[in-house]
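**Student:** structure for the following, please:
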Amino acid sequence: MDSIVVFQQMLIFSFIMAIGFLVRRQGIIDETTNAHLTKLVLWVTFPATLISALFGSTIEVPAGEVFVLLGIIALCFVLMFGIALFFSAACRVEQDERGLFVSMAIFGNVTFMGIPLAYSLFGPDGMLYTVLFNVVQPFLLFSLGMKLIGGKQAKISIKFFLSPVLLAALTSVALFLLDIQFPYVINRSLSMLGAVSGPVGMIIIGSVLGGMNISEVFRGWRIYAVSGIRLVLMPFVVYGFLLLLSYTIFPLSPLFLMVMMVMVACPVAASISTFAIHYNTNPELASKGIFISTLFSVITMPLVLSFLF
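**Tutor:** You can find the predicted model right below:
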């Protein structure tokens, strides 16, 4: 993978995030506007991206292999969960914050950063693997993630699994497996809607960062620890696991490996903060983790991806 291309793409994302940061600081958009934009992206533009992304794909993957890949992605999360548990104990995280620490280490911001970056780097051919990742992560995020953060307060309900991103990912996989093609007008409309996702998603991230108290964000060494685990350690460990799997049990395509690394190298998921606020589990720590990891990811993602590939 060309590190210059990755770095240029991250610079583009950073520039748009900076605009989001500035317009929030200037009061052009506020928390209410941010909430509405987030709903627009989650309910309209990202589902359009996932559903339409595979229409231009030339990749051919048998149905059986699709389910195997879903299982492999799930195994990667099991591995990350074990690593996160180990380091939460090693870092002596307080018991009531351990679930939050583990969640920040496991779940990345694939919605607002991973999907746009993967599409920019790999085009339609990389979107099947991106979609598969976005089947597994939302399922685990709204079950394991909620339970880790909310503890006994968290009540798992079927409605949490009906997130638009997860439903769109499942729809996209079904369309791919059944080889269903939409008419040009519908496909083009979905593609145009999906094109909005990247820029608006970056503006939302920048706006969220712009609403934080910067002087308080950089305090606390555990924030840097979880960011390092999320941005550097997880990609290397998962990459090693996938290589071992590829050489010994099930051959994996280089494109699958690259897409997986983009997903795993993403900063802390924005929804972690939402859960922390809802369950009152140190939302300040969650916000700091999102800010620091997002800030550092501009440097770490190009470096990690260029080193691995």
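
**Student:** pull the contacting residues for residue 224.
**Tutor:** residue 292 (CB atoms under 8 Å, 6 or more residues apart in numbering). Where you see a C-beta, it was placed from the backbone N, CA and C, and this is true even at glycine.

**Student:** now name the helix or strand holding it.
**Tutor:** Residue 224 is part of helix 221-228, with elements assigned from DSSP states H and E.

**Student:** ok but residue 212 is inside a helix, no?
**Tutor:** No - with DSSP: H, G, I helix; E, B strand; the rest coil as the criterion, residue 212 is located in coil rather than a helix.

**Student:** point out where the stretch 151-300 of the chain drops to low pLDDT.
**Tutor:** Along the stretch 151-300 of the chain, the parts satisfying pLDDT under 70 run over 154-161.

**Student:** that one: helices as residue ranges?
**Tutor:** 164-178, 184-195, 197-210, 214-217, 221-228, 234-248, 254-264, 271-279, 283-308 (DSSP state H, counting those that start in this stretch).

**Student:** and stretch 216-233, how far apart are its ends?
**Tutor:** Terminal residues of stretch 216-233 are spaced 26 Å apart (CA to CA, to the nearest Å).

**Student:** just how off-centre is that stretch within its chain?
**Tutor:** Offset of stretch 216-233 from its chain centre (CA atoms, centre = their mean, to the nearest Å): 17 Å.

**Student:** ok, and for that stretch, which residues are buried?
**Tutor:** 217, 222-223, 225-233 (16 or more other CB atoms under 10 Å).

**Student:** same check on stretch 162-169?
**Tutor:** Using 16+ other CB under 10 Å as the test for burial, stretch 162-169 gives 163-169.

**Student:** just how off-centre is that stretch within its chain?
**Tutor:** With CA atoms, centre = their mean as the basis, stretch 162-169 stands 14 Å off its chain's centre.

**Student:** and stretch 184-202, by the same measure?
**Tutor:** That offset, for stretch 184-202, works out to 19 Å (CA atoms, centre = their mean).

**Student:** equivalent analysis for stretch 55-72, please.
**Tutor:** Using CA atoms, centre = their mean, the offset of stretch 55-72 from its chain centre is 20 Å.

**Student:** coming back round to it: and the helix holding residue 224 with helix 283-308, angle?
**Tutor:** 40 degrees (axes from the mean of the first three to the mean of the last three CA atoms, to 10 degrees).

**Student:** thinking again about what came up before, output the helices of the stretch 151-300 of the chain in TSV, with distance to residue 136 appended to each entry.
**Tutor:** Output for those, formatted as TSV (distance: least, CB to CB, whole Å):
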stretch	distance to residue 136
helix 164-178	9
helix 184-195	21
helix 197-210	20
helix 214-217	30
helix 221-228	21
helix 234-248	13
helix 254-264	10
helix 271-279	15
helix 283-308	20
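
**Student:** out of these, nearest to residue 69?
**Tutor:** For the helices of the stretch 151-300 of the chain, proximity to residue 69 was assessed by CB to CB; helix 254-264 is nearest, at 6.9 Å.
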